[in-house]
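Engineer: Let's see this in three dimensions:
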Amino acid sequence: MNTFDPATVRRLLLVGIPISFALLLLFHPLPDNGIYDGLHDHSRRWQVVHVTQLVFIGLLAVMMYLLVDGTAGRWTTVSRWALLPFVLFYGAFEAVTGIGTGVLIDQARTLPDDEQVVAAGIIEAYWDNRIAGNVSVFSVIGAL
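Structural biologist: Presented below is the predicted three-dimensional model:
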């Protein structure tokens, strides 16, 4: 009869989640000359990576919880409580900025060329926005 050894499952999660996340990030497009031009031909892959990252944010929280499970102390308590804002704010960042930018670029690609120029400017402004953009309130709080 097969039984799961909890310690083995725990070790697999502690190693497997970060490795799997790192493998996913190998497929993350890195725009180098503006977000619109840099992602123009890679917006679908960008969206798939960011949707999948939402799942990994939850899995990383589980992994971090497992790291401190069975320990006590002030910093253990702080780390457990920090998981909630991490999941909420970093998840919001991935959804609003990552997925949102990819969707906007996909939609802009369907426009006539002269309208794509205007859309590209709007997308760049969205990317630079301090609330919804790449370096936003959500990303800073989630990262902290």
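Engineer: For the rest of this, base every contact and every neighbour count on C-alpha atoms.
Structural biologist: OK.
Engineer: now the top helix by length along the chain: how far from the chain's centre is it?
Structural biologist: Ranked by number of residues, the top helix in the chain under DSSP state H is helix 43-68. Mean-position distance between helix 43-68 and its chain equals 6 Å (CA atoms, centre = their mean, to the nearest Å).
Engineer: Then stretch 120-127?
Structural biologist: That offset, for stretch 120-127, works out to 20 Å (CA atoms, centre = their mean).
Engineer: do stretch 107-125 as well
Structural biologist: In terms of CA atoms, centre = their mean, the centre of stretch 107-125 is set 24 Å apart from its chain centre.
Engineer: can you check stretch 12-24 too?
Structural biologist: How far stretch 12-24 lies from its chain's middle: 15 Å, per CA atoms, centre = their mean.
Engineer: Alpha carbons only: can I get that stretch in CSV?
Structural biologist: Extracted as CSV, the C-alpha positions of stretch 12-24 are listed here (Å, rounded to 0.1, in the frame of the first residue of the first chain):
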residue,chain,number,x,y,z
LEU,A,12,9.0,18.3,-2.8
LEU,A,13,6.9,21.4,-2.4
LEU,A,14,9.7,23.5,-0.9
VAL,A,15,12.0,22.6,-3.8
GLY,A,16,9.5,22.0,-6.6
ILE,A,17,7.5,25.3,-6.4
PRO,A,18,10.5,27.7,-6.7
ILE,A,19,12.1,25.5,-9.5
SER,A,20,8.8,25.4,-11.4
PHE,A,21,8.4,29.1,-11.0
ALA,A,22,11.9,29.7,-12.2
LEU,A,23,11.3,27.6,-15.3
LEU,A,24,8.1,29.6,-16.0
